[in-house]
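Visitor: pasting the structure only:
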């Protein structure tokens, strides 16, 4: 895995996350990765390849869907920090619905696609190079 590029993309994402790229209006500057998992996983895949995977994040009685990346056998989760300490995660797997890939499934939701496109344009501007997987 290209760790230098991963560091650049990570920094660009952290600089670019906002309430308008989050899936929740509960987004806050002190928890900037909240609601950013699907769009972040899409962008990480754009730049570094690999697969997008999903796991149920469980904290007490609450369970939510969580997306992250599997690249060259390594899990890359840039938004895990949105969860409280003690959150448990089910085993990661593809979540495709009726689509061929998890990516296609995520992008089938108009709101996710809109947030992804906004975040992608911001990240590309910060990274200074286009994604490898356009």
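Guide: All right, it came through fine. Since this is a predicted model, take the numbers as computed values, not measurements. Residues are numbered from 1 along each chain as shown.

Visitor: now for the longest helix along the chain, which elements pack on it?
Guide: Longest helix of the chain, by residue count under DSSP state H: helix 110-127. On a contact count with 3 or more CB pairs under 8 Å, 6 or more residues apart in numbering; DSSP states H and E, helix 110-127 meets helix 3-16, helix 37-48, helix 102-107. C-betas here are computed from N, CA, C, even on glycine.

Visitor: try 6 Å
Guide: Helices and strands touching helix 110-127, by 3 or more CB pairs under 6 Å, 6 or more residues apart in numbering; DSSP states H and E, are helix 3-16, helix 37-48.

Visitor: most neighbours per residue, which of the ones you listed?
Guide: Comparing those by mean neighbour count (mean count of other CB atoms under 10 Å), helix 37-48 ranks first with a mean of 25.

Visitor: need the helices and strands packed on helix 110-127 in TSV (columns: distance to residue 77).
Guide: Below are the helices and strands packed on helix 110-127 laid out as TSV (distance: least, CB to CB, whole Å):
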stretch	distance to residue 77
helix 3-16	11
helix 37-48	8
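
Visitor: mind putting those into JSON lines with mean pLDDT and distance to residue 106?
Guide: As requested, the helices and strands packed on helix 110-127 are exported to JSON lines (pLDDT from 0 to 100; distance: least, CB to CB, whole Å):
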{"stretch": "helix 3-16", "mean pLDDT": "95", "distance to residue 106": "16"}
{"stretch": "helix 37-48", "mean pLDDT": "97", "distance to residue 106": "5"}
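
Visitor: still on that earlier bit, what residues sit buried inside the longest helix of the chain?
Guide: 112, 115-116, 119-120, 122-124, 127 (16 or more other CB atoms under 10 Å).

Visitor: how about residues contacting that helix?
Guide: 8, 12-13, 15-16, 21, 38-39, 42-43, 106-107, 130 (CB atoms under 6 Å, 6 or more residues apart in numbering).
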